[in-house]
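Visitor: heads up, no residue letters with this:
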C-alpha cells in the first residue's frame, strides 16, 4: 500500500469501494495502518478485535497472519484464526478464555464504545492476551467532540438511545481522553501515545443512515471534514491510544 497518508486513503477507498460504512471510516483505516507501521513486524503476532474489513486490510498491508476475536465461529478465516468471545463476559473472570495465544499487537478499533461492561474489566482481560512488551491499540470516538458539544448547547442529546436490537447495540458509552487513559493505567498498561484525528469522512453519514445522497448533504459533510481538521485536537471526533504492556 502507498506510503503517504493521502495515497493510503485513496488506496483504502478503492479497496472498500461501494461499502458506505467503510467509506465513512476509510480515513480512520488509513491513519491506523500508518500508525501500525511502527509496531507490526514480519514476525509479529497480530489480533484484531471484531473481525471486519480492517482485518483484511491489516493482512494485505503487512503480509502477516491476522487472528480475530469476536462473534464469528471458532476456526480458520481468510486472514488467520477467529476466536469466539463476547467481551461483555469480561465482567466474569471465570468466563475469560485462557486458550488464546499472546500477541505482539492487538487492535481494538471502534469496539469499546459498543460494550456495556466496564472498560476496566475489558482492558484487564485483553491485557492477558498481550505479550510482554506488546501493545494494545484502541480507537474509539471522542465523547466531547465539537459537534457533540454543540448539540448539548442547543438542548439535543449528543448520543443515540440504546437500541432494541442486541445484535447491533450501537454505542452504550463513549469516553474522553482522561477517562480512557485513566482506566488503561488502572488495568496495568502504560499509555505510550494518544492522538485525536479528524478521521471520519462525514460526506457518507447521510447515506449510511439511509438518507438519499444529494449535493447539499455531501457539501455539508465536506465542510464538517474541513472544520475538524482545523480545530484543536481535544475537539476532534476520533481518538487513538497505544497501550504498552511492560
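Guide: That came through, no problem. Small disclaimer: the values here were computed from a predicted structure and weren't measured.
Visitor: every contact and neighbour count from this point should use C-alpha atoms.
Guide: Will do.
Visitor: tell me which helix or strand comes right after the longest strand seen in the chain, heading toward the C-terminus.
Guide: When every strand of the chain is counted residue by residue (DSSP state E), the longest turns out to be strand 130-141. Going down the chain from strand 130-141, the next helix or strand is helix 146-153, by DSSP states H and E.
Visitor: for that following helix, buried residues please.
Guide: Neighbour counts using 16 or more other CA atoms under 10 Å place 146, 147, 148 of helix 146-153 among the buried residues.
Visitor: paired strands for the longest strand of the chain, with orientation please.
Guide: Applying DSSP bridges, strand 130-141 is found paired with strand 103-109 (parallel), strand 238-244 (antiparallel).
Visitor: please name the bridge partners of residue 130.
Guide: According to DSSP bridges, residue 103 are recorded as the beta-bridge partners of residue 130.
Visitor: can I get the buried residues of helix 146-153 in TSV including distance to residue 180 and pLDDT?
Guide: Written out in TSV, the entries for the buried residues of helix 146-153 read as follows (distance: CA to CA, whole Å; pLDDT from 0 to 100):
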residue	distance to residue 180	pLDDT
146	18	91
147	20	89
148	18	93
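Visitor: pLDDT value on the spatially most central residue of the chain, please?
Guide: Within the chain, one residue has its C-alpha closest to the average C-alpha position: by CA atoms, centre = their mean, that is residue 109, at 1.8 Å. The confidence metric pLDDT takes the value 97 at residue 109.
Visitor: which residues does it bridge with?
Guide: Beta-bridge partners recorded for residue 109 (DSSP bridges): residue 139.
Visitor: so where's this structure uncertain?
Guide: Applying pLDDT under 70 to the chain flags the ranges 1-3, 213.
Visitor: what's the local residue count around residue 174?
Guide: Other residues near residue 174 come to 17 when the count uses other CA atoms under 10 Å.
Visitor: would you list the phi and psi of it?
Guide: Comment: the main-chain dihedrals of residue 174 come out as phi -110, psi 160, following degrees, to the nearest 10.
Visitor: quick one: it from residue 103, how far?
Guide: Shown here: residue 174 relative to residue 103, a distance of 26 Å by CA to CA, to the nearest Å.
Visitor: and stretch 77-84, how far from the chain's centre?
Guide: Relative to the chain's own centre, stretch 77-84 is displaced by 18 Å; criterion: CA atoms, centre = their mean, to the nearest Å.
Visitor: follow-up on the earlier one: output the buried residues of helix 146-153 in JSON lines, with distance to residue 5 appended to each entry.
Guide: Output for the buried residues of helix 146-153, formatted as JSON lines (distance: CA to CA, whole Å):
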{"residue": "146", "distance to residue 5": "24"}
{"residue": "147", "distance to residue 5": "25"}
{"residue": "148", "distance to residue 5": "27"}
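Visitor: make CSV from the strands paired with strand 130-141 and add distance to residue 27 to it.
Guide: CSV is the format used below for those (distance: least, CA to CA, whole Å):
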stretch, distance to residue 27
strand 103-109, 13
strand 238-244, 11
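Visitor: done for today, thanks.
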